[in-house]
Each structure stands twice: as C-alpha cells, then as structure tokens.
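>>> kindly generate the corresponding structure for this input.
(one chain, ligands or ions: 1)
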Amino acid sequence: MCLFVSALLSLPMAIDAQSSYDALFLSYPVYNGDDLELKVDATGTHFRLWSPKAQDVRVNLYDNGHTGTAYKTLPMKLDAANGTWTASVPEKLYGKFYTFQIKWDGKWKDETPGVWAKAVGVNGMRAAIVNLAETDPEGWQNDKGPKTDNFSDVILYEMHHRDMSMHSSSGIANKGKFLAMTEPGTTTPEGEKTGIDHLKELGVTHVHILPSYDYNSVDETNLQKNTYNWGYDPQNYNVPEGSYSTNPSDPETRIREMKQMVKALHDAGIGVVMDVVYNHTAQNDESNFELTAPGYYHRHWDDGRYSDASGCGNETASDRQQMRDYILNSTKYWAKEFHIDGFRFDLMAIHDTETMDSVAAELKKINPSIFVYGEGWTAGDSPLAKERRALKENVSKMKDIAVFSDDLRDAVKGHYTDASDRGFATGKPGLEETVKIGIVAATPHPQVDYSKGNNSKFPYAKSPEMIVNYVSCHDDLTLTDKLRKSMAGEPEKNMLDAAKLAQTIVFTSQGTPFMFAGEEVFRDKKGVHNSYKSPDSINAIDWSNKHKYRDQFDYYKGLVALRKAHPAFRMTSAADIAKNLVFDRIDSSKTPNLISYSLKNHANGDKWEEIKVAFNGASKPQTIRIRKGNWKIVAMDGKISPEGDLGVSSGGTITLAPYSALILAKE
Ligand code: CA
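Model (predicted):
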C-alpha cells in the first residue's frame, strides 16, 4: 500500500561485522520517563529528546503550526547517561509549536515534531503545546467503557470513520468525522436508524476503528478534495488524525472530538478498539523515528537496507528496548488519555512476543477490561527470528493476546487470493475440517483432525480467548462482493442466504466474533478488493441498503442477540469446549458441506441444556437426523429467533435448505 525507495543506513560509526547492528543499538542508553520530548509544569516548558548518538540537537519554537519561521531556536544539552537532550524555558508555552532537529554526519537533518508529539499542527509537521486537560469533553472524568470479563463476550464491529457516515443516505451531519458517531437520531430517508443508533440497534459490544492516529496520506490543508485512505501510513502515533476533525489546524480540536466520540460510544454501552500500526512508518528516512534516532527504531538487513516485513517499505524494531517501551507507553497513553478499550495490532508478528506480553500485562493494570489482538502474520520476511515473532502459531506462548483465525475465514467463503473460489458456505466440498478448526477456536479437540486443516496443522490456541473469528474485514473483497464473484450466475437470494450462513458460523463459533461494518446491510465495494485509497463512491456504506435488505439486518441483529444471551457460544476454556462441544458423525466424503454439533451440559452456565447447530453449505437441501425430544427452533431457513420462538420440533429427520443454518435448543 505504500511505495518507498530504500536507502542505505548511515550509521554513527563504522560497522565491521554484518550482524553488528543489534550489538550497536544494544549499547545505546535508554530513557523511559514520561517527560519525553515535552513537559509543561510550574517551572516552565521542558524539552527532552532521546537521541544518544546525535552530534547536536536543537529545538525550534513557532507561533504557527504550519507556516512562518521559528521565532526562537534553543540549543539542547546531552545527558549521556540516558541519551536524552534537554532544554527549558521558564514560560508555559501553551499555544506554541515546536520541532526538533538533530545534527548527524555533520549536517542538520530535517525538522521533526519528534516521536512523542501529543498534539500537532495541520498535517502533523510541527508539534503543538496544549494543555490536555482542556481537551476533555464534559463528563470525561466519569467516562468509562463497558466492563469486559471475558474476551469471548466481545462482539467486534470494524469501521472506518468515512465509510460509516459519508454516504448521503446516512443522514449524518458531521460526515467523515469523529463527531459522526456522536449524533443521535440520524436516519436514512426511509427512516432506518444510522450512525450510533444503528450500532445500538445491531447490538455489537465494541467498534474497532481503523487507524485513527495521525497518518500521512490525506492533505489536511485541503479537505475539500475528499481524499480517502484507510490510514495504514502512520505519521504521529500519539495524535488523532486531523482529517477526522472539524478543524485540523487547531491542535486541540481533533483531540477533543475524538474524546467526544469515545464518550458518546461509551454512553451507548459500546467500547472502542483502536487499530494500531506500530509495525512500520509511512516514510523511511523522513519518518519521525529516523529523524530523531537514525537507524535505531527500524530493522535492517545486514547490508544496511531497511527490512520490509510490512510490505510498506520498512519495519520497526520492537525487540530494541527504546522501541518496545515506545509501543508500551503509546498504548498506555491511548488507554489513559482517550479511554481506549482495546487494541488491534496490525501485522502483529513483526513485533516480538515479549513486547506483546508486556503490552497486554501493562494495559490490564490500567483497566482489566482492555484486550489486545492482532494479525498473527507478517507481509514479508523479517530479520526477527520466527520463534520470537508474535505469530498466530506462537499465540499460546503469549498471555492475554488473541489472533485472527484465517482458518474459518478462508474455509467458509473461499480463499481470498481467488475471487471465484468458493468455500464451505457456498458449496465447495472438502473444507469441513478447516471450518471445524474455527468452530473450536483452534483449541485441541478430540474430534477435530488438524492434519486436514488448510491453514493450520495443529491446535495453536490453548484457549478460545486467543481467537478472533471472521469471514471478512477491510482487506480483500467484502463478503457481498466475494459472494457476487464466486456465485456469479446464481440469484441474489442465494447470496443473501450464503451471507447469513457464513455469519452464523462466525457468531456461533467459540472465540470472539468480528464483523466488517455494513455487511449487515449487504454492503459491497463495487468489487474493489484493495480499496485503501479508493474514493468514497467505493468505500462509503450506502445505508439505503438497510431498508432494501432489512431482512438481512434483522438476521444479523438476531445473531448478535443470540450470542449475547447464550454463554454456550462463549466458552472460556479449551477443556470446556472439548467436553461440551460434540460434533455429530457425518461422512464428508458422502455428504459434503454438512456440519452439525451439539453444545451440551448447559455449557458455560447456559440456560439451555443442549443447543444443536447445523450448517448446510451445499447448493441443494440436505438432511440431518436429530435425537427425539422437545426442541425449540432458534434458526431455520434464513430466519432466526434468539428466544427460540420459530416453532417446535420433536427431532427426527430435518431438512436444511441450501446455504442455510439450523439451530435448535432444548431446555
Ligand atoms: Ca494526518
């Protein structure tokens, strides 16, 4: 998603052996104080930049966040014991801006706001000095996110600020802004709820917002251009993105408005998870990391080139102490200052397991309800040894960290690399065992044969709380587009049915369910699979779909309600799953695309003694045999009733419609 030219690293001293980068950086003193870069107190304004090997450092002071020249430049002094350079003035410089500059190889490098700016001018080129307490919205002191005892109780809804509100049908005034989620009472022209009321109606527990820190690609001085980007091009990690604010030129506005959004969601009982992208920076040599401590924060190959496990031109070095502390302190800052309830780590396997363990442990100390999950893979090779990477396969070595399960994703709807490839839910045989891996959240289970798994060959999760299940996200085709491409030629009704089936598998599986915003209204992206910078005409959710596909929305809402009402779908230990989740014996070679299982023994304290769940992913009806008894019908033929009010069944042979799920319950 980003193209860069790699430059050879210019180091402060000659490197003899190829592998001595790490040795060199290990010799750097580190500094972990909370006064890094800026502190304002009764004695004035204090600057402290960590840059152990700089030849000189200075700080430039500005009246303006974007234009004009420095009104003053202060020399800084090195404290060799911790590698920081300091300067102070006796005044509180609220309202002013600053940049640092380091001397390297005898030359002053370009100005940088540093890596710890908490407020910036427009486009994030100069750091701003603001009094954060003045950015708190009313009632912020008492603001709290939802209490989350178990990660499996969470229902994640992944959204981008612009997608949610840009379309004219949203009825939202602050389109594309943080404030969009603070507007109650918005509707489509047909009267369907949108925005935050829509989220409340759907019932999800947490929104997972795409990158919302300050990113590089959108020109904040020209918002009329309506440039769109997902935001995976980090610039200032500790500042909200300016284009999502109503005034990016005023440093306080973006901070205040993001807090207002968090508070509005919290007031609605909804938690806020932030997508964080510490694994790479938007720029290489011109990144704030490189402009403050050259070489240190990024990894390199032995020949000095940036290594690129992110596929975006570089990767960061969490295995070095100052970078590890940076990730740790940055997430802690978001948790404390912005009341963020969870963190989704982009390309988490670029980070080492030790860093991720510290992140989870430290965040839990701030708020035990905070949870951490991420992509347990990289987008390219890394100098970091595989056993140290926070990979999906290593998730059981970590504590309180979860990973996305690509097992269920690719098996249910077909592989992401081939738009026409079908999956279990759309009639492709042979994927039953991989779907079962998703159903048991990749935990050890006596009836699951991992050797037949497509993506994983062993039960890599020792607890269901380590797994996030999903069928689609911002990456790749939306579920709707995937179904349109892979089921081309079939009536739309079949695609709607298959979408319901696919999400039923996600929402009834153990682990934590995750859905992509808008799929509850059959949202598409006009077939564009990598829409990271596509216009709003591709990315914005057309909310008039909610009326058109109201039946689809009601079904999704029913899935959410069912899961919330029934702890059997939310078991918290692998042992419970192995004991209470029992698959029926079905010969997949004779009747493919058919899975059925029971959740028994009032699993996880459920009021229902047994829940029978069955999936028919075939294009034709298939039958299963159910033990005789008094069953309530919870889901059948594309209808769902979380209370089990669709009717009763005495068991026996039951026919499942093509691409459909059956859920029965016994009290
Ligand atoms: Ca920006």
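>>> quickly list what whatever residue of the chain ends up closest to the ion is bridged to.
Proximity of the chain to the ion (C-beta to the ion) peaks at Asp214, 4.4 Å away. From N, CA and C alone the C-beta is placed, and that goes for glycine too. As for beta bridges, Asp214 partners with Asn236 under DSSP bridges.
>>> surely it and Glu241 touch.
Yes - the criterion here is C-beta atoms under 8 Å, and Asp214 meets it with Glu241 at 5.2 Å.
>>> how about the helices of the stretch 101-250 of the chain, start to end?
For the stretch 101-250 of the chain, applying DSSP state H, counting those that start in this stretch gives helices covering 161-165, 195-202.
>>> and the shortest one, what does it pack onto?
Looking back up the chat, that one is helix 161-165. Helix 161-165 sits against helix 536-539, with contacts defined as 3 or more C-beta pairs under 8 Å, 6 or more residues apart in numbering; DSSP states H and E.
>>> how about the residues of this protein by the ion?
Counting by C-beta under 5 Å from the ion, the chain comes close to the ion at 214, 242.
>>> ok, back up a step: got the confidence number for the residue of the chain closest to the ion?
With respect to pLDDT, Asp214 has a value of 98.
>>> got it, and Tyr28?
For Tyr28, pLDDT reads 96.
>>> same question for stretch 162-171, mean pLDDT?
98.
>>> just the terminal-to-terminal distance for stretch 625-634.
17 Å (C-alpha to C-alpha, to the nearest Å).
>>> which parts of that stretch are buried?
By neighbour count on 16 or more other C-beta atoms under 10 Å, the buried set for stretch 625-634 is 626, 631-634.
>>> for stretch 423-436, same thing?
For stretch 423-436, by 16+ other C-beta under 10 Å, it's 423-428, 431-436.
>>> what does it rub up against?
Around stretch 423-436, the neighbours that count as contacts under C-beta atoms under 8 Å, 6 or more residues apart in numbering are 407-408, 410-415, 421-422, 445, 447-450, 452-455, 483, 486-487, 498, 501-502, 505, 583, 586, 588, 592-595, 615, 617-619, 659.
>>> got a quick ChimeraX command for the buried subset of those?
This is how ChimeraX selects the buried members of the contacts of stretch 423-436, with burial counted by 16+ other C-beta under 10 Å:
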select :407,408,410,411,412,413,414,415,421,422,445,448,450,453,454,455,483,486,487,498,501,502,505,583,586,592,593,594,595,615,617,618,659
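>>> following the lowest-mean-pLDDT helix or strand in the chain, which helix or strand shows up next?
None of the helices or strands of the chain scores lower by mean pLDDT, DSSP states H and E than helix 20-26, at a mean of 82. Going down the chain from helix 20-26, the next helix or strand is strand 39-41, by DSSP states H and E.
>>> in the sheet, which strands lie alongside that next one, parallel or antiparallel?
strand 44-50 (antiparallel).
>>> now the angle from whatever helix or strand comes next after the partner strand to strand 44-50?
Proceeding N to C from strand 44-50, the next assigned helix or strand is strand 56-62, under DSSP H and E. Interaxial angle of strand 56-62 relative to strand 44-50 (axes from the mean of the first three to the mean of the last three C-alpha atoms, to 10 degrees): 140 degrees.
>>> starting at the chain centroid, how far to whichever helix or strand comes after strand 56-62?
Moving toward the C-terminus from strand 56-62, the next helix or strand (DSSP H and E) is strand 72-75. In terms of C-alpha atoms, centre = their mean, to the nearest Å, the centre of strand 72-75 is found 40 Å from the chain centre.
>>> circling back to that earlier point, show me what contacts the residue of the chain closest to the ion?
120, 124, 234-237, 239-242.
>>> am I right that Lys485 is in a helix?
Yes - when classified by DSSP: H, G, I helix; E, B strand; the rest coil, Lys485 is found to be part of a helix.
>>> pLDDT score for it?
98.
>>> how many neighbours does it have?
Residues lying near Lys485 (other C-beta atoms under 10 Å) number 17.
>>> right, and it touches Ala419 too?
Yes - assessed by C-beta under 8 Å, Lys485 is found in contact with Ala419 at 4.1 Å.
>>> which residues do those two both contact?
Leu477.
>>> if we can go back for a sec, same list, the buried residues of stretch 625-634, but as TSV with secondary structure please.
Output for those, formatted as TSV (three-state DSSP):
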residue	secondary structure
Ile626	strand
Trp631	strand
Lys632	strand
Ile633	strand
Val634	strand
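>>> now do the strands in the stretch 401-550 of the chain.
401-405, 467-469, 512-516 (DSSP state E, counting those that start in this stretch).
>>> hmm, back to that, buried ones in the least confident helix or strand of the chain?
Result for helix 20-26 [16+ other C-beta under 10 Å]: buried residues 21, 25.
>>> now stretch 277-289
For stretch 277-289, by 16+ other C-beta under 10 Å, it's 277-285, 287-289.
>>> ok, Met515 - how many residues close by?
27.
>>> equivalent analysis for Gly33, please.
Neighbours of Gly33 using other C-beta under 10 Å come to 11.
>>> any idea which of the buried residues of stretch 423-436 is closest to Asp319?
Nearest to Asp319 among these is Thr434, at 32.8 Å by C-beta to C-beta.
>>> show the pLDDT at the residue nearest to that closest one when sequence neighbours are not counted.
Excluding the flanking residues, the one nearest Thr434 by C-beta to C-beta, 6 or more residues apart in numbering is Ala411, at 3.8 Å. Looking at Ala411, its pLDDT reads 98.
>>> my guess is Ala411 contacts Gly438, does it?
Yes - here Ala411 reaches Gly438: they are 6.7 Å apart, a contact under C-beta under 8 Å.
>>> now do the SS call for Asn601.
Under three-state DSSP, the three-state class of Asn601 is coil.
>>> what sits closest to it if chain neighbours are left out?
Closest to Asn601 by C-beta to C-beta, 6+ apart is Asn580, at 5.2 Å.
>>> the one you found contacts Pro567, doesn't it?
No - contact criterion C-beta under 8 Å: Asn580 and Pro567 do not qualify, at 10.8 Å.
>>> show me what contacts the closest residue to Gly423 other than its chain neighbours?
Distances taken as C-beta to C-beta, 6+ apart put Gly414 closest to Gly423, at 3.9 Å, once the chain neighbours are dropped. Residues in contact with Gly414 (C-beta under 8 Å, 6+ apart) are 420-423, 426, 428, 482, 486.
>>> pull the most distant pair out of those residues.
Top of the distance list for the contacts of Gly414 (C-beta to C-beta): Lys428 and Lys482, 12.5 Å.
>>> count of neighbours near Asp34?
Other residues close to Asp34 by other C-beta under 10 Å number 9.
>>> what's the overlap in contacts for Asn580 and Pro567?
Joint contacts of Asn580 and Pro567 (C-beta under 8 Å, 6+ apart) are 603-604.
>>> and the closest residue to Tyr532 other than its chain neighbours, how far is that from Leu384?
Leaving aside its sequence neighbours, Tyr532 sits nearest to Trp230 (C-beta to C-beta, 6+ apart; 4.4 Å). Look at Trp230 and Leu384: by C-beta to C-beta, to the nearest Å, they are 25 Å apart.
>>> thanks a lot, see you next time.
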